[in-house]
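J.: pasting the sequence and the predicted model now:
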Amino acid sequence: QLFMGGFLPFSAIYIELHYIFASLWGHKFYTLFGILFIAFVLLTIVTSFITVALTYFQLALEDYRWWWRSFITGGAAGFFLYGYAVLYFQRSEMFGLLQTATYFGYMAVIAYASTLMLGTIGFLSTKVFVRYVYSSIKSD
């Protein structure tokens, strides 16, 4: 569940990550800010839909503890982002202790921030979904 919750949103931004990393670490200019915004909107939509779908499957199995699982499922793309950062570092021409420490330190902070952001998006969208589903249940 966590693999699918992280892989699908990550695959929505995989192509743009190369250009972003090249502009951050490769001293190249990034000029496609409209495409970056579209990729960000697509990332938020895919994250919320996947998290809601996986929470629905969890609730269908009568497991009502969805709060933290929805947050972790939504934020799992941050782990894939850090994995891509390791792959990018291996392909780059960076070397030395200072460059390695700076790169992995900053990428850990960026991956953590994206995990928190996407986890919050997943949790809030799941909260809206669960409130809507349980508000329509009538008990007599």
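T.: Okay, I see it.
J.: the helix with the most length in the chain: which residues count as buried?
T.: Taking DSSP state H as the criterion, the chain has its longest helix at helix 97-135. Judged by neighbour count (16 or more other CB atoms under 10 Å), helix 97-135 contains these buried residues: 103, 107, 110-111, 114-115, 117-119, 121-123, 125-126, 129-130. Glycine gets a C-beta too; all of them are placed from N, C-alpha and C.
J.: can you name the two of these that are farthest apart?
T.: 103 and 130 (39.6 Å; CB to CB).
J.: hmm, back to that, next one: the longest helix of the chain to chain centre, how far?
T.: Helix 97-135 sits 6 Å away from the centroid of its parent chain (CA atoms, centre = their mean, to the nearest Å).
J.: and that helix, what does it pack against?
T.: helix 2-25, helix 33-60, helix 67-75, helix 77-91 (3 or more CB pairs under 8 Å, 6 or more residues apart in numbering; DSSP states H and E).
J.: now these in TSV, with mean neighbour count?
T.: TSV is the format used below for the helices and strands packed on helix 97-135 (neighbours: other CB atoms under 10 Å):
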stretch	mean neighbour count
helix 2-25	17
helix 33-60	17
helix 67-75	22
helix 77-91	17
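J.: now these as a markdown table including mean pLDDT and distance to residue 97?
T.: Shown next, in a markdown table, are the helices and strands packed on helix 97-135 (pLDDT from 0 to 100; distance: least, CB to CB, whole Å):
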| stretch | mean pLDDT | distance to residue 97 |
| --- | --- | --- |
| helix 2-25 | 88 | 16 |
| helix 33-60 | 93 | 32 |
| helix 67-75 | 93 | 30 |
| helix 77-91 | 94 | 13 |
